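> how would this look folded up:
(one chain, ligands or ions: 3)
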Amino acid sequence: MLSSSSIALTRASIRPSASSSSKSILVPRPQHKRGLASQRITAEDKNLIPIRTNLRGSALLNTPRGAGFTREERQIFGLEGFLPYDVHSLEKQALRAYNQLLKQPSVILKHAFLASLRDQNQVLFYKVMQDHLKELLGVLYTPGAAEAVAGYSSLFRRPVGCYISFPNQDAMRAQLQAHLSDVNRTADVAFDENKPDDAIDLVVVTDAEAILGIGDQGVGGITISTSKAALYTLGAGINPNRILPVVLDCGTDNHALFSDPLYMGWKRTRIRGKNYDEFVDKFITNCRELFPNAIIHFEDFGMANAYRLMEKYKDIPQFNDDIQGTGAVALAALLAAIKVSGTSLADQRIVIYGAGSAGMGIADQIKDGLMILEGLSKEEAARRFWCVDRNGLLVESMGNALRHAQLPYARPDEEVEHYNREDPDKRGVWLLDVVKNVKPTVLIGTSTHTRAFTEELVKEMGKHVERPIIFPMSNPTALCEVDPEDALKWTEERALVATGSPFPPVQLANGKHYTVAQTNNALIYPALGLGAILSRSRTISNSMLMAGVHALANLSPALHNPEASLLPDLADVRDISVDVAAAVVRQAVEDGNATDQNTIRIVQGKADVTLEEYIKARMWDAVYRPLELVD
Ligand SMILES: NC(=O)c1ccc[n+]([C@@H]2O[C@H](COP(=O)([O-])OP(=O)(O)OC[C@H]3O[C@@H](n4cnc5c(N)ncnc54)[C@H](O)[C@@H]3O)[C@@H](O)[C@H]2O)c1
Ligand SMILES: O=C(O)C[C@H](O)C(=O)O
Ligand SMILES: [Mn+2]
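Ligands and ions are numbered 1, 2, ... in the order given. Here you go, the predicted model:
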């Protein structure tokens, strides 16, 4: 990503391709102009804008393109003796790298290969990923990332990202400043001048207490931050050099890590309470001061902290991906599913299994949908939900055992007294009882409880509803509540299914294939972030989220073909992101949240580019931009 306010090149100021002559590399720097002229830059032009570097010789190999350095660049930068003779295109390099990757025998080794490739040659890494996105997302991101996080300390080769550790917190500002200086030393940060306070657009931070469905992973959580960061680049073209992936090492309560002699994090039980709050607050305050334009993405915090922090920092540009990103993608899939089933949102009876961050985030987002789209009151909307957690259905008498976010959804105890129960002696009301009594139209899994949606349960649901909507959203794959193939089989193929992790298409009796939508927040968070960054939004509001939901739901293939996937393919995330980010930007402007004058003028129709063109022109591409020698 580049800073929208700092783009200042017009088409006329951009030189032809660097490979045309050695002189072209040495031409004087393009004239920088500020202001609205910059809106005319196009998606093609941006890749011809030179990267300026004062490095020479082998030092430049750290701004690597390996065999991709052109003949001219090799002469000018003194690289000839460092490289084999032949010049290889990025395409050829990508082919070689991909062939090497294929030789890795397991997902974890493939993940490690990709991590090394990213360290060695960022552009090549993104090119390989982009060329094989569908296949490699599952290696780099969910489910592959889970294994890499869990095995972090044994697999470690070199540090990536930013480690902020509780025992070192006194020097936190200096640590973050060191990262900022590092970013500012990176050649490919901005398309024009690199203003020191403008270099970081995005901070992706985890405290690693609730990584995917695999729990507390301590310092290994950095890999979820770096994986999510890579998705921002792949999915929304945010410049990878302008993203800071962070782990807040608050200790760990995972005893397996604790007793591992190779564990690399801080070997203490997790800090809690005041110590924790002050530590996080110090981090956020420093980020706001040092990176004033950056948005903050919270990832995989434990539920209690996740909700508290989201509320505490609601006035700054931040969001919690597990709560808000997941809620948004689930609502988009649900809007598509109800269209296919020919029902309305207000008609749904929704059972959520796993009332944690994701489950309650989904409930909140659907509740907002019911209020905005169907005109229901908050209370009426909340009555559409039955949430089941470890102790069974959430009911009012659970009192203090209910978490704050769960309170609106607790059912009156009288209601369940008359339930037919499998086992009336059990204290709680369990999922099967709930399904039998509620006869839900929608069943969502965010429980981490593998195969909890049993044959009996799914068949029971299918008895009462023509098109059961079943979203087993737990990640990674092994924790999914039901295999989509089973859900379809047990409902005579009537179910509308979407999962959090990728699943192959299911062959139907008629020989056709049912594509299972991957209802993963990766389909929306990159564009949400992009929209917030481009508009320099003061906050990330619910209405911006809802705008993103509608844009995503409108791209559902199922709207045109009821047999098609409920959501567009994650492999097309980059195109999807243009529409979603545009919707987010428009909403930010409409809400008065946007502060970037360029985007405001474009949305108001006062510029000669469309918002979509402008967004595409600001996306970072995996290409070798020409190099420009400076002293
Ligand atoms: N598809 C997506 O985009 C997406 C996004 C976020 C989270 N998730 C997945 O959702 C799952 C939960 O994540 P989270 O962040 O909400 O975690 P969380 O820990 O906040 O929530 C999990 C909840 O499930 C409950 N639970 C655990 N075991 C249970 C059981 N056997 N029966 C009933 N309830 C049980 C827990 O008590 C907790 O309330 C994870 O697998 C995660 O990967 C998916
Ligand atoms: O990381 C993912 O795959 C989605 C989500 O944020 C999760 O925690 O499972
Ligand atoms: Mn997550």
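
> residues contacting the residue nearest to residue 237 when sequence neighbours are not counted?
Spatial nearest neighbour of residue 237, excluding adjacent residues (Cβ to Cβ, 6 or more residues apart in numbering): residue 619 at 2.5 Å. Every C-beta, even on glycine, is put in place using the N, C-alpha and C of the backbone. If you count contacts by Cβ atoms under 8 Å, 6 or more residues apart in numbering, residue 619 has them with 1, 43, 236, 237, 238, 530, 574.

> Are we agreed that the last one is in a strand?
It stands for residue 574. No - looking at residue 574 with DSSP: H, G, I helix; E, B strand; the rest coil, it is helix, so not inside a strand.

> Let's have the contacts of residue 619 in CSV, adding neighbour count, distance to ligand 3 and secondary structure.
Listed next are the contacts of residue 619 as CSV, based on neighbours: other Cβ atoms under 10 Å; distance: Cβ to the ion, whole Å; DSSP: H, G, I helix; E, B strand; the rest coil:
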residue, neighbour count, distance to ligand 3, secondary structure
1, 25, 21, coil
43, 15, 31, coil
236, 29, 17, helix
237, 28, 22, coil
238, 26, 18, coil
530, 29, 19, helix
574, 19, 21, helix
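
> Closest to ligand 1 out of these?
Comparing the contacts of residue 619 against ligand 1 with Cβ to the nearest ligand atom places residue 236 closest, at 16.2 Å.

> Next up, the contacts around that closest one.
With Cβ under 8 Å, 6+ apart, residue 236 has these contacts: 526, 527, 529, 530, 573, 574, 577, 581, 619.

> Report the two members of these separated by the largest distance.
529 and 574 (13.6 Å; Cβ to Cβ).

> Would you list the phi and psi of residue 200?
Note on residue 200: backbone dihedrals following degrees, to the nearest 10 are phi -110, psi 120.

> Please renumber the chain so that the first residue is 176 from this point on.
Let's use 176 as the start, then, which means that last one is residue 375.

> what's near enough to touch it?
Neighbours of residue 375 in contact, by Cβ under 8 Å, 6+ apart: 355, 358, 417, 418, 419, 465, 466, 468, 469.

> Could you check the pLDDT of the residue nearest to it when sequence neighbours are not counted?
Ranked by Cβ to Cβ, 6+ apart and with sequence neighbours excluded, the top spatial neighbour of residue 375 is residue 466, at 4.1 Å. For residue 466, the pLDDT comes out at 94.

> from memory residue 466 sits against residue 378, does it?
Yes - here residue 466 reaches residue 378: they are 6.7 Å apart, a contact under Cβ atoms under 8 Å.

> Between those two, which has more neighbouring residues?
A count of neighbours by other Cβ atoms under 10 Å puts residue 378 above the other of residue 466 and residue 378, at 26 against 23.

> hang on, isn't the more buried one packed against residue 469?
Yes - with contact defined as Cβ under 8 Å, residue 378 counts as touching residue 469 (5.2 Å).

> Touching both of those two, which residues are there?
Joint contacts of residue 378 and residue 469 (Cβ under 8 Å, 6+ apart) are 419, 462.

> of the contacts of residue 375, closest to ligand 2?
Of the contacts of residue 375, the one sitting nearest to ligand 2 (Cβ to the nearest ligand atom) turns out to be residue 418, at 16.0 Å.

> tally of neighbours for the closest one?
The number of residues packed near residue 418 is 25, by other Cβ under 10 Å.

> ok, it - contacts?
Residue 418 makes contact with 176, 375, 376, 377, 378, 379, 404, 407, 408, according to Cβ under 8 Å, 6+ apart.

> Check residue 340 too.
If you count contacts by Cβ under 8 Å, 6+ apart, then residue 340 has 424, 440, 441 around it.

> In CSV, list these along with distance to residue 679, secondary structure and neighbour count.
Output for these, formatted as CSV (distance: Cβ to Cβ, whole Å; DSSP: H, G, I helix; E, B strand; the rest coil; neighbours: other Cβ atoms under 10 Å):
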residue, distance to residue 679, secondary structure, neighbour count
424, 37, strand, 26
440, 36, coil, 25
441, 41, coil, 18
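
> which among the residues you listed gets closest to residue 324?
Using Cβ to Cβ, these come closest to residue 324 at residue 440, 11.9 Å.

> just checking, the closest one touches residue 394?
Yes - counting by Cβ under 8 Å, residue 394 is a contact partner of residue 440 at 3.0 Å.

> re the thing from before, in helices, which of the contacts of residue 418 fall?
Using DSSP state H, the subset of the contacts of residue 418 located in helices is 404, 407, 408.

> Of those - the most surrounded one?
residue 407 (29 neighbours).

> Report whether the expected contact of it with residue 377 is present.
Yes - using Cβ under 8 Å, residue 407 is in contact with residue 377, at 6.4 Å.

> Would you tell me which residues of the stretch 276-425 of the chain are close to ligand 2?
For the stretch 276-425 of the chain, the contact set with ligand 2 under Cβ under 6 Å from any ligand atom comprises 317, 387.

> quick one: low-confidence ranges for the stretch 276-425 of the chain?
For the stretch 276-425 of the chain, applying pLDDT under 70 flags the ranges 360-372.

> in it, which spans are helices?
For the stretch 276-425 of the chain, the helices defined by DSSP state H, counting those that start in this stretch cover 282-295, 297-306, 308-315, 319-325, 327-330, 347-360, 397-411.

> Comparing these, which comes out most buried?
helix 397-411 (a mean of 27; mean count of other Cβ atoms under 10 Å).

> What parts of the stretch 676-806 of the chain come near ligand 1?
With Cβ under 6 Å from any ligand atom as the criterion, the stretch 676-806 of the chain meets ligand 1 at residues 694, 695, 696.

> could I get the residues you listed as CSV with pLDDT and distance to ligand 2?
Output for these, formatted as CSV (pLDDT from 0 to 100; distance: Cβ to the nearest ligand atom, whole Å):
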residue, pLDDT, distance to ligand 2
694, 98, 10
695, 98, 5
696, 98, 5
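
> Those: which ones sit near ligand 3?
Among these, no residue sits close to ligand 3 (Cβ under 5 Å from the ion).

> can you give me the strands for the stretch 476-625 of the chain?
Assignment of strands within the stretch 476-625 of the chain using DSSP state E, counting those that start in this stretch yields the ranges 493-495, 525-528, 560-564, 567-568, 617-620.
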